[in-house]
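Chemist: Could you work out the structure for the sequence below:
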Amino acid sequence: MHHLQHIAELGPLLESRGARHIIIAPGSRNAPLIQLFTSNELFICHSIVDERSAGYVALGMARQLEEPVVLVTTSGTAVLNLAPAVAEAFQEQIPLLVLTADRPREILSQFNNQVIDQRAAYFNYSKGFFEFPAQVRDESGLEEGLRSVDNLFREALRRPAGPVHLNLPMTEPLYESLPETMLGPGIFTLEQAAEGNSRAESETQTVFELKDRRLMILAGMGTCDAALRQVLEELLLCRQVVVVAENISNLNSGQFISTPELVLAGASEEELESLAPELVISFGKQVVSKRLKLFVQSLESVDIREMQEGPGLIALLKELTSAPGAENYYQRVWKGIEVREQGSATTYLQKAPFGNLSAVARILEAVSPHTIVHLGNSSTIRNTQLMRARTDLSYYSNRGTSGIDGSLSSAVGAAMVSDRQHLFIAGDLSFVYDSNGLWNKDFPENLKIIVINDGGGGIFRLLEGPDKMEYFEEFSVTQHPVSLELLSGAFGRSFARAANMEDLDHQLVRLFSSGSALCILEVDTTGSENSRIFKELFK
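Modeler: As a prediction, this is how the structure comes out:
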């Protein structure tokens, strides 16, 4: 049997599991995999040199498409460079199929180049791992190995979805034509595994005794689900219910509470008591608001139920809407405080000096309808959540692990597979850290980038405590000498800068104009008192 027969068989298997987009990082040991995908017109191949960026590009694609994306690397440290993106995908339940080339196990200790132990490199952050034997001697052995691979891919799609890792030791020669397939996908069951397991679905069938109890529905990070949003809006008409949904929940409705940080910061002690629920139903992934998390954690005797998203959850919520309609006093309390605090915040920001907060508010007002907004972590996403979520926008952020390392690359990946307009907003450290996200011969022209440059890690200036430490400026804020203009030019991206509100208004018109070649806008707030402005808002 040909020594690369198992590589040839992977093509039909991946087709059957719905994989279309392939992110390929360069290398030699993975040459047979590169040949496999580039020679099949059913696969759409993308070359990304930096593996750390490549992992996040794949993540952004898979999140946008809601389908599995394949990642291919050579051996050695290339494998480890995918780890941050794999961990983020695991936390966000995004299906990545990671294929890593390797040397046969028996030569690992013989002083060869690019050799590390690649087995289970993402052990705590993936749904499964399989290593294909370097040599398969007969058809039955080939079929047995491929069946294990198929089970691995199905596990990636089964709810909750997530990344899986297939390690592929290969013997030389590597640069020769792959053999014809012998088995094809027909030997495997082709039913899709994304419908979820029975245990998770059955959990959502829990019966709740509500009566007139105050119910908080807490929606974590997620994708737009029109059916879920509709049933939640219906529930508000017949129960004592409030729906708390931050912008990254993408359940944007004027009836939901999208700025819990403002509400809980502005509520009096008496009002906080009236905001407290008697039952909490949560679903989705992470929430951002620290005050919201502390508020829920303080509910000592309250029943908190964490549910799985899916048809079972919608069915349960529909059952709850069967109650006769009643005036929702609980919703009115939450909404009344939100309207009051948003009004105060808006009034303050209209008069506030130019800085991070006022700039972000102006940007979110100016962005074109139906844009997909990608938010960097730390202060950037927190600032956006002090403004009412626009119902005509979609919001995404890498909040699974909340790292700054791949924010730009994941936005690039999403825009590459989308016809809609995309906007990435991040701080200067996030942008510089992930600037290799610009290193892409197929860089999407439908992506605009705004960098809020406040001279380092501005989030640390907002926290109580770090600024009292001697190491604060050098090791926490970490100011950098990078010229964002020169960095952007190095990758061939057009650039502009705004250092006051008048400049910002002018450059936003340029940036969002149809057909504009402007790609990157730096909003320079280094001379602003960003920490003081932020803290005054909450006074």
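Chemist: Which positions within the one helix or strand Arg532 maps to qualify as buried?
Modeler: Assigned by DSSP states H and E, Arg532 belongs to helix 530-537. Buried residues in helix 530-537, counting neighbours by 16 or more other Cβ atoms under 10 Å, are found at Asn530, Ser531, Ile533, Phe534, Leu537. Every C-beta, even on glycine, is put in place using the N, C-alpha and C of the backbone.
Chemist: Could you pull out the strands in the stretch 351-500 of the chain for me?
Modeler: Assigned by DSSP state E, counting those that start in this stretch, the stretch 351-500 of the chain shows strands spanning 372-375, 394-397, 422-427, 447-453, 495-498.
Chemist: out of the ones you listed, which comes closest to Phe129?
Modeler: Nearest to Phe129 among these is strand 394-397; the distance by Cβ to Cβ comes to 27.8 Å.
Chemist: what sits up against that closest one?
Modeler: Outside strand 394-397, the residues that touch it by Cβ atoms under 8 Å, 6 or more residues apart in numbering are 63, 221, 224, 247-248, 250, 371-377, 381, 384, 389, 407, 410-411, 414.
Chemist: Throw together a PyMOL command that grabs the buried residues out of those.
Modeler: The PyMOL selection below is limited to those of these classed as buried (16+ other Cβ under 10 Å):
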select buried, resi 63+221+247+248+250+371+372+373+374+375+376+377+381+384+389+407+410+411+414
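Chemist: From the contacts of strand 394-397, which land in helices?
Modeler: Arg63, Ile381, Thr384, Ser407, Ser410, Ala411, Ala414 (DSSP state H).
Chemist: Could you find the closest non-adjacent residue to the fourth one?
Modeler: Which is Ser407. Gly376 (4.5 Å; Cβ to Cβ, 6 or more residues apart in numbering).
Chemist: Please tell me how far that neighbour sits from Ile425.
Modeler: 6 Å (Cβ to Cβ, to the nearest Å).
Chemist: what do you get for Lys441?
Modeler: Using Cβ to Cβ, which is the criterion applied here, Lys441 is 25 Å from Ile425.
Chemist: Comparing the two, which residue is more hemmed in?
Modeler: Ile425 (29 against 8; other Cβ atoms under 10 Å).
Chemist: From Arg20, how far out is that one?
Modeler: From Ile425 to Arg20 the distance is 29 Å (Cβ to Cβ).
Chemist: for Arg154, same thing?
Modeler: For Arg154, the distance to Arg20 (Cβ to Cβ) stands at 17 Å.
Chemist: which outside residues touch stretch 124-141?
Modeler: So stretch 124-141 is contacted by 1, 3, 5-6, 83, 86-87, 90-91, 98, 102, 104-105, 119-120, 122-123, 142, 145, 148-149, 151-152, 155-156, 158, 161-171, 182-183 (Cβ under 8 Å, 6+ apart).
Chemist: go again using 6 Å as the cut-off
Modeler: 6, 86-87, 90, 104, 120, 142, 145, 148, 152, 155, 162-169, 171 (Cβ atoms under 6 Å, 6 or more residues apart in numbering).
Chemist: How far off centre is it?
Modeler: Centroid separation for stretch 124-141 versus its chain: 29 Å, with Cα atoms, centre = their mean, to the nearest Å.
Chemist: dump the residue contacts of the spatially most central residue of the chain.
Modeler: The centroid of the chain falls nearest to Asn398 when counting by Cα atoms, centre = their mean (3.7 Å). Shown in contact with Asn398 (Cβ under 6 Å, 6+ apart): Glu88, Ser407, Ser410.
Chemist: do you know how far the last one is from Ala227?
Modeler: In this structure, Ser410 and Ala227 are separated by 26 Å, where distance is defined by Cβ to Cβ.
Chemist: Let me see the domain layout of this protein.
Modeler: 5-172, 199-340, 352-537 (automatic domain parsing).
Chemist: Low-confidence bits of the stretch 201-350 of the chain, can you list those?
Modeler: Judged by pLDDT under 70, the stretch 201-350 of the chain has its weakly predicted residues at 201-210.
Chemist: Now do the strands in it.
Modeler: Using DSSP E, counting those that start in this stretch, strands in the stretch 201-350 of the chain cover 215-219, 241-245, 279-283, 303-306.
Chemist: Could you export these as TSV, including mean neighbour count and distance to Ile363?
Modeler: Below are the strands of the stretch 201-350 of the chain laid out as TSV (neighbours: other Cβ atoms under 10 Å; distance: least, Cβ to Cβ, whole Å):
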stretch	mean neighbour count	distance to Ile363
strand 215-219	24	24
strand 241-245	26	21
strand 279-283	19	30
strand 303-306	13	34
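Chemist: For the residue nearest to Ser407, give me its contacts.
Modeler: With the criterion set at Cβ under 6 Å, 6+ apart, Gly376 makes contact with Ser407, Ala426, Gly427, Ser430.
Chemist: cutoff 8 Å now
Modeler: Here Gly376 is in contact with Ser397, Ile404, Ser407, Phe424, Ile425, Ala426, Gly427, Ser430, Phe431 (Cβ under 8 Å, 6+ apart).
Chemist: and those as TSV, adding pLDDT and distance to Gly492?
Modeler: Output for the contacts of Gly376, formatted as TSV (pLDDT from 0 to 100; distance: Cβ to Cβ, whole Å):
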residue	pLDDT	distance to Gly492
Ser397	98	27
Ile404	89	24
Ser407	97	21
Phe424	98	17
Ile425	98	21
Ala426	97	20
Gly427	94	23
Ser430	94	21
Phe431	96	16
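Chemist: Reformat those residues into CSV and put distance to Arg340 next to each item.
Modeler: What follows is those, written out as CSV (distance: Cβ to Cβ, whole Å):
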residue, distance to Arg340
Ser397, 27
Ile404, 34
Ser407, 33
Phe424, 32
Ile425, 27
Ala426, 31
Gly427, 30
Ser430, 33
Phe431, 35
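Chemist: Would you point out the most distant pair within those?
Modeler: Ser397 and Phe431 (14.6 Å).
Chemist: measure the residue nearest to Ser407 to Arg52 for me?
Modeler: 16 Å.
Chemist: what's the answer for Glu271, then?
Modeler: 46 Å.
Chemist: So for these two, which sits in the more crowded spot?
Modeler: In this view Glu271 and Arg52 are compared by other Cβ under 10 Å, and Arg52 has more residues nearby, 22 against 16.
Chemist: Assumed the more buried one was part of a helix.
Modeler: Yes - assessed by DSSP: H, G, I helix; E, B strand; the rest coil, Arg52 belongs to a helix.
Chemist: contacting residues around the spatially closest residue to Val280 that is not a sequence neighbour?
Modeler: Leaving aside its sequence neighbours, Val280 sits nearest to Ile304 (Cβ to Cβ, 6+ apart; 4.4 Å). When contacts are counted by Cβ under 8 Å, 6+ apart, Ile304 touches Leu279, Val280, Ser282, Val296.
Chemist: Which of these lies at the shortest distance from Arg420?
Modeler: Ser282 (29.1 Å).
Chemist: For Val243, see how far away the closest one is.
Modeler: Ser282 is 11 Å from Val243, by Cβ to Cβ.
Chemist: Determine the residues that are contacts of both of those two.
Modeler: Ile217, Ala219.
Chemist: in the protein, what secondary structure element scores lowest on mean pLDDT?
Modeler: Within the chain, no helix or strand scores below helix 198-203, which has a mean of 45 by mean pLDDT, DSSP states H and E.
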